[in-house]
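> the following comprises the amino acid sequence and a computationally predicted model.
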Amino acid sequence: MPPHTYHAPLPIVTPQTMGRIDAAAIGSGIEGYRLMLIAGSAISACVLEYYSEAVGAIVLCGPGNNGGDGYVAARYLAEAGMPVLLYSSIEPERLKGDAGRARADWSGPVYPLEELDCMPGYVVVDALFGAGLDRPIEGLIEETIAAITASALPVVAADLPSGISGRTGQVQGTALQAEHTVTFAALKPGHLLLPGAGCSGETHLVDIGIPRRVIDEHNEAMWRNDPALWGADLPVTGAAGHKYTRGHLCVFSGSFSHTGAARLAAHSALRSGAGLVTVLSPSSAVAANASHLTAVMLRKVEDQSDLDELLVDQRLGGFVLGPGFGIGEKLRQFALSIVKAGRSCVLDADGISAFSDGPEMLFALCRENPLNTVLTPHDGEFARLFPDLHADAELSKVDRARKAAERANAVILYKGADTVIAGPDGRVVINNNAPPWLATAGSGDCLAGIVGALLVQQMPPFEAAAAAAFLHGEAGKRAGEGLIADDLPDAIPPLTHYQSDNRGRG
Ligand SMILES: NC(=O)C1=CN([C@@H]2O[C@H](COP(=O)(O)OP(=O)(O)OC[C@H]3O[C@@H](n4cnc5c(N)ncnc54)[C@H](O)[C@@H]3O)[C@@H](O)[C@H]2O)[C@H](O)CC1
Ligand SMILES: [K+]
């Protein structure tokens with residue numbers, strides 16, 4: 001039995017779409033106040049579960065429905081016997097709609113926010129702003145957030161930590177740091193993208209009674225990375241399989257003093273199930289590579305004619321180009337001829353930077369040979385290849401990755417602690433299983449090797465990139481804190497752990 005339990009992948013929706021989902025649910029006959037009651041009860045349940053020892057709860061209510069959730073939570077907490085002090089950022093009479101109703105159902109006192117006293121031993125319920133935050137926080141609320149931060153009282157956030165944009169995960173002026181965030185119906189990008197992910201603490205997704213059908217009808221082709229998205233596309237080695245049916249990946253080595261990156265990628269590729277892996281080395285580095293390779297094969301590729309000769313062999317299904325290679329015309333020509341030849345190509349590191357001054361030719365070739373290329377930029381490399389997208393402060397990391405994939409006609413694996421994978425068809429996943437210690441020298445080389453291995457095993461590129469990011473994160477967890485990149489290849493979990501279907505490929 002695989003250790004992974006299968007379920008539907010979690011959709012992610014922007015706050016704007018969440019508003020439409022709320023409206024559709026309410027339009028279909030579900031009462032809005034009922035949704036708020038369930039939301040508020042989930043917040044109070046979280047407080048009672050994690051902070052049962054607290055002296056009491058300080059509930060901060062804002063001017064909209066997020067504040068309404070706060071009034072409901074306050075009532076349930078008080079009913080459970082917890083002392084509650086409720087503070088409002090506006091005169092409570094000004095609350096309208098469901099939030100007004102929630103206030104009317106709260107029989108305790110409402111204090112103005114000016115009177116807030118961060119008493120030791122209390123837990124804070126942050127119901128100031130959620131999905132409706134639409135401008136930077138300033139003035140009294142900014143001061144309130146500073147006071148809570150200085151007090152170090154634990155915070156449970158309703159929907160989102162106040163100050164975090166649900167759409168981008170960016171801080172609007174200032175933001176609270178929560179230990180727990182209770183959100184409703186679907187995750188928002190702000191829960192998974194930095195810095196919002198860091199401010200959310202542990203995120204709890206609660207079903208408040210909006211039917212899954214309504215959420216699916218409004219799907220934005222955006223999910224949290226999960227084996228449920230690609231488990232059925234993982235390569236399966238059947239009894240009749242042999243090393244050639246498991247694909248042959250080639251990894252380019254750099255020059256004499258830059259060979260380690262290619263070997264990390266090659267070793268990771270073998271561990272990710274590639275049948276054969278060959279390091280392609282310039283003559284100057286053949287001896288250095290030979291002294292470190294065993295299961296991985298080695299072949300001299302000095303110039304374009306060597307590569308052209310290699311590309312005649314159709315069994316060589318994919319190439320990883322960039323790690324340690326050096327930026328220059330040689331890399332550009334190699335990349336273009338691989339893509340032109342219709343082979344799978346992972347362009348990483350120098351493989352991305354080399355195209356900073358003119359990626360159009362690469363992007364045009366990718367359009368002619370779709371479903372071949374995966375680009376794996378970190379933030380600096382992304383900025384070099386897509387300077388306009390990187391500089392546009394209005395765009396979220398999801399928007400940037402999506403637009404870049406569309407422009408490049410390639411899958412973009414935009415690395416970071418909040419890696420985003422986007423396909424040219426608009427699909428996006430946000431990866432969130434990477435431990436912080438995975439950010440170490442050579443880690444990206446291993447990731448490129450995993451992507452390449454899955455590509456040569458016939459996995460479609462979007463699924464291959466998403467699966468690789470996930471496997472890389474799992475490898476990081478298995479290798480543990482203090483890992484170095486050399487530990488990663490052997491920590492890659494067996495693919496069979498995540499297979500969800502027996503779609504055998506030989
Ligand atoms: N998702 C669901 O199914 C449910 C969600 N609920 C909760 O409702 C909020 C969203 O409510 P909304 O009224 O749209 O927005 P907010 O309460 O977040 O705030 C809007 C309010 O705040 C003002 N405002 C915005 N930015 C600022 C600022 N920087 N400074 C001052 N004022 C600001 C804005 O003008 C509005 O007046 C969602 O997060 C859930 O918590 C419901 O419970 C129903 C189910
Ligand atoms: K909040």
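That came through fine. Ligands and ions are numbered 1, 2, ... in the order given.
> is the residue of the stretch 1-150 of the chain found nearest ligand 2 in a bridge, and if so with what?
Nearest residue of the stretch 1-150 of the chain to ligand 2: residue 126, at 4.4 Å (C-beta to the ion). Where C-beta positions appear, they are placed from N, C-alpha and C, glycine not excepted. According to DSSP bridges, the partner residues bridging residue 126 are residue 60, residue 157.
> burial of it, as a residue count?
Residues lying near residue 126 (other C-beta atoms under 10 Å) number 31.
> show the contacting residues for it.
60, 155-158, 161-162, 176, 178 (C-beta atoms under 8 Å, 6 or more residues apart in numbering).
> ok, which of these also contact ligand 1?
residue 158 (C-beta under 6 Å from any ligand atom).
> distance of the closest residue to residue 483 other than its chain neighbours relative to residue 479?
Distances taken as C-beta to C-beta, 6 or more residues apart in numbering place residue 437 nearest to residue 483, at 5.9 Å, with adjacent residues excluded. According to C-beta to C-beta, to the nearest Å, residue 437 stands 8 Å off from residue 479.
> what does residue 70 give?
42 Å.
> okay, these two: which has more neighbours?
residue 70 (30 against 22).
> ok, residue 159 touching residue 64?
No. When contacts are counted by C-beta atoms under 8 Å, residue 159 is not listed as touching residue 64 (10.5 Å).
> which one's more surrounded, these two?
residue 159 (30 against 21).
> most neighbours out of the contacts of residue 126, which is it?
For the contacts of residue 126, neighbours tallied by other C-beta under 10 Å; top is residue 158, 34 neighbours.
> was I right about that one contacting residue 39?
Yes. Counting by C-beta under 8 Å, residue 39 is a contact partner of residue 158 at 7.3 Å.
> quick check: neighbours shared by those two?
69, 182.
> now do the SS call for the closest residue in space to residue 386 that isn't next to it in sequence.
Excluding the flanking residues, the one nearest residue 386 by C-beta to C-beta, 6+ apart is residue 404, at 4.9 Å. Following DSSP: H, G, I helix; E, B strand; the rest coil, the label given to residue 404 is helix.
> let me see the contact set for residue 404.
Contacts of residue 404 by C-beta under 8 Å, 6+ apart are 375, 382, 385-386, 389, 412, 414, 422.
> switch the cut-off to 10 Å
375, 377, 382, 385-386, 389-390, 410, 412, 414, 420, 422, 424 (C-beta atoms under 10 Å, 6 or more residues apart in numbering).
> wait, residue 338 sits on residue 304?
No. Residue 338 lies out of contact with residue 304 (C-beta atoms under 10 Å); the separation is 11.3 Å.
> the more surrounded of those two?
residue 338 (27 against 12).
> give the contact list for that one.
Contact analysis of residue 338 by C-beta under 10 Å, 6+ apart lists 250, 252, 307, 310-311, 316, 318-319, 321, 344-347, 365, 369, 372-373.
> quick one: neighbours of the residue nearest to residue 443 when sequence neighbours are not counted, just the number.
By the measure of C-beta to C-beta, 6+ apart, the closest residue to residue 443 outside its immediate chain neighbours is residue 485, 5.2 Å from it. Number of residues near residue 485 (other C-beta under 10 Å) recorded here: 21.
> wait, residue 485 sits on residue 438?
Yes. Contact criterion C-beta under 10 Å: residue 485 and residue 438 qualify, at 9.4 Å.
> tell me, what's touching the two both at once?
Common neighbours of residue 485 and residue 438 (criterion: C-beta under 10 Å, 6+ apart): 444, 446-447, 479.
> just send those residues back as CSV, with secondary structure, distance to residue 333 and pLDDT too.
Below are these laid out as CSV (DSSP: H, G, I helix; E, B strand; the rest coil; distance: C-beta to C-beta, whole Å; pLDDT from 0 to 100):
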residue, secondary structure, distance to residue 333, pLDDT
444, helix, 23, 98
446, helix, 26, 98
447, helix, 25, 98
479, helix, 36, 98
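> which residues are in contact with each of residue 159 and residue 64?
In contact with both residue 159 and residue 64: 127, 129-133, using C-beta under 10 Å, 6+ apart.
> for the residues you listed, which one is nearest residue 260?
residue 133 (45.7 Å; C-beta to C-beta).
> tell me the pLDDT of the residue nearest to that closest one when sequence neighbours are not counted.
Nearest residue to residue 133, sequence neighbours excluded (C-beta to C-beta, 6+ apart): residue 172, at 5.8 Å. The model reports residue 172 with a pLDDT of 98.
> wait, isn't residue 172 in contact with residue 134?
Yes. With contacts counted by C-beta under 10 Å, residue 172 reaches residue 134, the gap being 8.3 Å.
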